[in-house]
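>>> Below are the sequence and a predicted model; questions follow.
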Amino acid sequence: MAPAKVYGPAMSTNVMRILVCLEEVGAEYEVVPVDMSTGEHKRPPHISRNPFGQVPAFEDGDLTLFESRAISKYILRKHGSDLLRESNLSESAMVDVWLEVESSHFDGAMSPIIFQCFIVPMFMGGATDIGVVNESLEKLKKALEVYEAQLSKSKYLAGDFISLADISHFPTVYYLLASAHASVLEAYPRVKAWIDDVMQRPSVKKVTEALKMPSA
């Protein structure tokens with residue numbers, strides 16, 4: 001079978017989430033660039049792959065998917081990865097809980113920070129809105145307090161095992177560490193140690209080594 005295709009810029013956090021899962025299972029894949037600066041993501045044929053005109057889109061044979069967390073689960077299930085802990089009902093439920101937390105509370109706080117600190121100045125020629133960044137940092141701190149408490153009970157978010165709930169944080173963490181606001185982690189030593197652990201995972205290192213580290 002031909003390699004799976006991942007459509008979108010490799011620097012996209014949602015694309016990075018898929019790539020790290022593909023690396024986890026050792027799957028062959030091809031990253032197909034989508035030029036968002038010219039609106040390629042809003043035009044055919046990309047709309048046929050992702051009807052919301054967003055990235056990523058994913059093709060595996062005749063199957064086309066969008067939404068990065070759903071794609072990640074598909075990849076891990078197809079290749080029999082234990083990162084979903086589906087052999088254990090309670091553990092898989094905890095993985096799902098923390099994937100929801102990552103999507104709503106961590107990514108929700110980090111997305112405006114990434115947009116303001118990287119996208120606006122580097123690709124849109126604008127100035128960072130510090131008010132938006134500070135408001136989002138306060139939301140991030142509230143989430144990190146919960147993470148710190150959870151990580152006092154177990155090594156990883158869903159338990160004493162690494163899972164998709166952990167590695168799914170890597171793309172936004174990558175940008176946080178590259179930003180001027182990485183020091184926010186200093187107040188949360190368990191979170192910082194957990195992040196250090198996740199970022200040293202071979203799949204994560206392979207994806208990050210292929211990227212040009214931004215600075216902001």
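Great, that's in hand. The structure displayed is predicted, hence computed values, not measured ones.

>>> residues in contact with residue 191?
144, 147, 148, 151, 185 (Cβ atoms under 8 Å, 6 or more residues apart in numbering). (Glycine included, C-beta is placed from N, CA and C.)

>>> Give me the nearest residue to the first one, chain neighbours excluded.
On the basis of Cβ to Cβ, 6 or more residues apart in numbering, the spatially nearest residue to residue 144 that is not a chain neighbour turns out to be residue 188, at 4.8 Å.

>>> any idea how far that neighbour is from residue 60?
Relative to residue 60, residue 188 is positioned 37 Å away (Cβ to Cβ, to the nearest Å).

>>> what's the answer for residue 173, then?
27 Å.

>>> Give me the more crowded residue out of these two.
residue 173 (22 against 19; other Cβ atoms under 10 Å).

>>> what's around the residue nearest to residue 54 when sequence neighbours are not counted, how many residues?
Counting by Cβ to Cβ, 6+ apart, residue 54 lies nearest to residue 41, which is 6.4 Å off, once chain neighbours are set aside. By the criterion of other Cβ under 10 Å, residue 41 has 22 neighbours.

>>> My reading is that residue 41 lies in a helix. Confirm?
Yes. Using DSSP: H, G, I helix; E, B strand; the rest coil, the assignment for residue 41 is a helix.

>>> and residue 65, what does it touch?
Each residue near residue 65 by Cβ under 8 Å, 6+ apart is listed here: 57, 58, 59, 71, 74.

>>> Can you pull the phi/psi pair for the second one?
Summarising the backbone geometry of residue 58 under the convention degrees, to the nearest 10, its torsions are phi -140, psi 130.

>>> avg pLDDT for stretch 94-111?
Across stretch 94-111, the average pLDDT comes to 97.

>>> From one end of that stretch to the other, what's the distance?
Chord length of stretch 94-111, first to last residue, is 24 Å (Cα to Cα, to the nearest Å).

>>> now stretch 155-174
Terminal residues of stretch 155-174 are spaced 20 Å apart (Cα to Cα).

>>> buried ones in the lowest-mean-pLDDT helix or strand in the chain?
Lowest on mean pLDDT, DSSP states H and E among the helices and strands of the chain sits helix 120-123, with a mean of 80. For helix 120-123, the neighbour count (16 or more other Cβ atoms under 10 Å) marks residue 120 as buried.

>>> related to what we said a few turns ago, test my guess that the residue nearest to residue 54 contacts residue 52.
No. Taking Cβ atoms under 8 Å as the definition, residue 41 is not a contact partner of residue 52, at 9.3 Å.

>>> Please give the number of neighbouring residues around residue 165.
Residue 165: 23 neighbours (other Cβ under 10 Å).

>>> so what's residue 216 scoring on pLDDT?
Residue 216 is assigned 55 on the pLDDT scale.

>>> coming back round to it: check contacts around the residue nearest to residue 54.
With Cβ under 8 Å, 6+ apart as the criterion, the residues that contact residue 41 are 8, 34, 50, 53, 54, 55.
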